[in-house]
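Trainee: Sharing a sequence plus its predicted fold:
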Amino acid sequence: MSSIGSYGILGCGKQAPKHLSGLKAAGVEQVIVADAFPERAAEFAAQNEGVVAADSAEALIKTPGLKGVIICTPTFTHAELIRLAVSNNVGWLCEKPLCEDPVEAREIAELTKAAGVAGMIGWIYRFSPAAVLARKAVTEDGGAMGDILRARFRIGGRGSQAIWKHTAAQGGGATNEMFVHMLDLAVWLLGTPEKVTLQDKQTLIPVRTIEGQQVAVDSEDWLQVQLQMPGGAQVDIQADFVTAVFSQQAEIMGTQGYFHGSIQPNMPSFVSVNEAHGSFEKGMNPLSNEQVNLYFAQTAAFVDSVEGRAPIDLSSVTDAAVVAEIVRDLQNA
């Protein structure tokens, strides 16, 4: 693939190497990085070929010829950085969640659209083969599963080794880190919820071992929510930082079919339909075990939008405003 110019990464934490690999796979010839701690950016640049460090986020975004920037900084910084990118005609891909204020989220979506630049949220699970299969069965293949009756989404893990990700004041917790991915999938597949009911929200492990020390944490590590969707379907979502080994799966039950899937390739993903419909045969339609690098797929979609090879897709930005509103209400509950 031919090289295609300069892109940036804001934030040199654990997500930066993944995004760097994605940009390189997409053919980006130069990556510029910046961090709130300039020495961290300089160290990251020194360790990676084709990477240079900028002194600040503003300096990075105002680099002549910069086409796009990936934002992987704490949530409270997102809105300001996105505005800076848009005002400089730079496309952006931002790690979830978009921001803490749903009103601000809608403003950002409108600002991005008005400027005509590419904008994406890091809803990376949308790029998993299982999610693509589910969307095809539910929405894109003439409703092969019939009317949707119920759905269940679950995601769990042991928690982060970063203190801030378990600190409510800094946007930590299972809601922002885990639940939002399942909520986004529900919105993407089934529409905007008409009613949201918080069923359970707790901090089951108030003291955690993080960075070699015992730390008192205050963000929730267990969340259970029910959504009432358009058409009457109910969706149950459970997310936690208690499960010892990462686990994710989803079920969608319709009048004419059933979906089961996971982003984990070792778990079965399939659609079963009562009658042949569109590209689906009657009975079991299994997903192959082909593994997809989600960061590569996501970054390729972003670069294609920035480079004009694909339409600017603002759907995830618009959906992000819906997600932000629901998350705000749950955090205030």
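Mentor: Arrived safely.
Trainee: Do you know the pLDDT at the closest residue to residue 84 other than its chain neighbours?
Mentor: Distances taken as Cβ to Cβ, 6 or more residues apart in numbering place residue 61 nearest to residue 84, at 5.2 Å, with adjacent residues excluded. (C-beta placed from N, C-alpha, C; glycine too.) Predicted confidence (pLDDT) for residue 61: 97.
Trainee: Run through the residues that contact residue 61.
Mentor: Contact analysis of residue 61 by Cβ atoms under 8 Å, 6 or more residues apart in numbering lists 8, 69, 81, 84-85, 88, 90.
Trainee: Check residue 214 too.
Mentor: Per Cβ under 8 Å, 6+ apart, neighbours of residue 214: 207-208.
Trainee: mind checking the SS state of it?
Mentor: Assigned state for residue 214: strand (three-state reduction, DSSP: H, G, I helix; E, B strand; the rest coil).
Trainee: swap in residue 120?
Mentor: Per three-state DSSP, residue 120 ends up strand.
Trainee: What's opposite it in the beta bridge?
Mentor: On the basis of DSSP bridges, residue 120 is bridged to residue 93.
Trainee: Number of residues surrounding residue 144?
Mentor: Neighbours of residue 144 under the rule other Cβ atoms under 10 Å: 24.
Trainee: Leaving out chain neighbours, which residue sits closest to it?
Mentor: Nearest one to residue 144, counting by Cβ to Cβ, 6+ apart, is residue 277 at 4.0 Å.
Trainee: Among the contacts of residue 61, name the buried ones.
Mentor: 8, 69, 81, 84-85, 90 (16 or more other Cβ atoms under 10 Å).
Trainee: Stretch 140-154 - what's its average pLDDT?
Mentor: Stretch 140-154 comes out with an average pLDDT of 89.
Trainee: and that stretch, how far apart are its ends?
Mentor: The stretch stretch 140-154 measures 24 Å between its terminal residues, going by Cα to Cα, to the nearest Å.
Trainee: Equivalent analysis for stretch 114-134, please.
Mentor: Counting by Cα to Cα, you get 31 Å between the two ends of stretch 114-134.
Trainee: Please apply the same query to stretch 306-326.
Mentor: 29 Å.
Trainee: Over to stretch 50-57?
Mentor: End-to-end distance of stretch 50-57 (Cα to Cα): 19 Å.
Trainee: Same check on stretch 265-276?
Mentor: Termini of stretch 265-276 sit 26 Å apart (Cα to Cα).
Trainee: Could you do stretch 228-242 as well?
Mentor: Using Cα to Cα, the end-to-end distance of stretch 228-242 comes to 26 Å.
Trainee: In that stretch, which residues are buried?
Mentor: 229, 233-241.
Trainee: Can you list which of these are found in strands?
Mentor: Within the buried residues of stretch 228-242, residues falling in strands by DSSP state E are 234-240.
Trainee: pLDDT weak spots in the chain?
Mentor: The chain contains residues with pLDDT under 70 at 1-3, 141-142, 289, 313-315.
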